[in-house]
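Engineer: Fold the following.
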Amino acid sequence: MRVFGQHDENTLIQLEKVALSAERVALMADGHLGYVMPIGGVAAYRDAVSVVGVGFDIACGNAAIRTNLTIEQVGDGPEEVRSWATSVADEINDTISFGVGGSNRSSDAPADHPLFEEPAWDAVPPNQRGNLREKARVQLGTVGSGNHYVDVFVDEAGHIWVGVHFGSRGFGHTVASAFLALAQGASWGDRVPERETILSLDEPLGHDYWHLMTLAGEYAYAGREWVARKVVDMLGAREVELVHNHHNFAWREEHDGESYIVVRKGATPAFPGQKGFVGGSMGDDAVILQGRVTDESQLDVAELQREALFSTVHGAGRVMSRTAAKGKRHRKTGDVISAGRVSKEMMESWVAEKGVVLRGGGLDESPHVYRRLPDVLEAQGDTVEVLHTLRPLVVVMAGADGFGRRRGRA
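Structural biologist: Residues are numbered from 1 along each chain as shown. Next up is the predicted model:
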């Protein structure tokens, strides 16, 4: 069991429990407590997959596109760049759908994507299939709420990047919830407790879950690429490079000559030379990194990479719960039950000092609730190397209520 960085006792206990049913486990430096398996956790199984390990947001991940646009083309000075960024933020906010249950109402929404005809849909019960497929159609290319975002960055060389973070939306959540229920003897659509659920891929339930999980992965890739490319078009730019990864998923992989199903829950694949996009927070830099390519003089680094199951961080990692950040109010009266530790003024001050144009974003996503990304990367040691540092110019998220200002337009 390899642990990178420092973690609270409950997170480590959670990892130890996962290790009881997994062959190998590791925890990345951005880890924190999750449902059953810690965020930042990696676990390897023999021909089996953990439903809660993959999580409810199946195939959540990051995509970043480097464009041919440069900061010099955007404006001659800070005021011009700020004006440009403000216009871009407003257009993203007006065009892309953010928030809980949002629909993609753009005229070029990818509702006819080939994935909707994949055989894996047959694993959904016939009485559920039509509704789930229709929900997936209308949500493809929408961003969601929480820490999901669309950002515009500039790197150290002045190149403009577009970055997005979200997963398989309601489709993935429905699949995860359904297989938790089925594994506990309940029916598709029933609500059941979040318990460790290991499904053998040799059994019908595991077989069906694997194929729908894979389909959710295709769905998430299609959605992120549609959004990122839509924003590139808004900028009047051209795509030069795409860096794209899931960080809530399971893969068939070989490690030390053995075949495993490797589950990463909030962890980025980082095999030698494999690139990844890792965000910080709405007020911090992000990075493009890659798994370090080692030689015979770096056997210690290569060993660390193997122990990490060739994985790295997926973000900076939370250090404050959502409730601690924003406080708690009575559901009916609105009276304050407990005050939050982050104020609107604190969040806005941090973002303004960074020079970010922010649309949306609740106090529970303020930079104050996250570790600093350079610190967690340092804790990963030399297992990865940073290729580009991305400074945010624009950050667009769902609002504090979980919804966007608009739900998308044609």
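
Engineer: and residue 31, what does it touch?
Structural biologist: For residue 31, the contact set (CB atoms under 8 Å, 6 or more residues apart in numbering) comprises 4, 5, 7, 11, 15, 38, 39, 40, 41, 266, 317. For the C-beta atoms, the positions are set from N, CA and C on the backbone; glycine is no exception.

Engineer: let me redo that: residue 23
Structural biologist: 44, 45, 46, 260.

Engineer: Quick check: pLDDT value at it.
Structural biologist: pLDDT recorded at residue 23 is 97.

Engineer: One more: residue 322?
Structural biologist: 82.

Engineer: ok, it - contacts?
Structural biologist: 364, 369.

Engineer: For it, give me phi and psi.
Structural biologist: Main-chain torsions, residue 322, degrees, to the nearest 10: phi -60, psi -40.

Engineer: Who are the packing partners of the longest strand seen in the chain?
Structural biologist: If each strand of the chain is counted by residues according to DSSP state E, the longest one is strand 384-397. Applying 3 or more CB pairs under 8 Å, 6 or more residues apart in numbering; DSSP states H and E, we find strand 384-397 packed against helix 78-95, strand 149-155, strand 159-166, strand 286-291, helix 344-354, strand 357-359.

Engineer: Let's have these in TSV, adding mean neighbour count, distance to residue 23 and mean pLDDT.
Structural biologist: Conversion of the helices and strands packed on strand 384-397 to TSV gives the following (neighbours: other CB atoms under 10 Å; distance: least, CB to CB, whole Å; pLDDT from 0 to 100):
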stretch	mean neighbour count	distance to residue 23	mean pLDDT
helix 78-95	16	43	97
strand 149-155	24	35	98
strand 159-166	25	30	98
strand 286-291	22	21	98
helix 344-354	15	42	94
strand 357-359	21	43	97
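
Engineer: For residue 333, find the nearest of these.
Structural biologist: helix 344-354 (21.3 Å; CB to CB).

Engineer: Now residue 12: closest residue in space that isn't a chain neighbour?
Structural biologist: Residue nearest to residue 12 in three dimensions, not counting chain neighbours: residue 3, with 7.1 Å by CB to CB, 6 or more residues apart in numbering.

Engineer: From residue 339, how far out is that neighbour?
Structural biologist: From residue 3 across to residue 339, the span is 33 Å (CB to CB, to the nearest Å).

Engineer: out of the two, which sits in the busier spot?
Structural biologist: residue 3 (19 against 10; other CB atoms under 10 Å).

Engineer: What's opposite residue 386 in the beta bridge?
Structural biologist: residue 289 (DSSP bridges).
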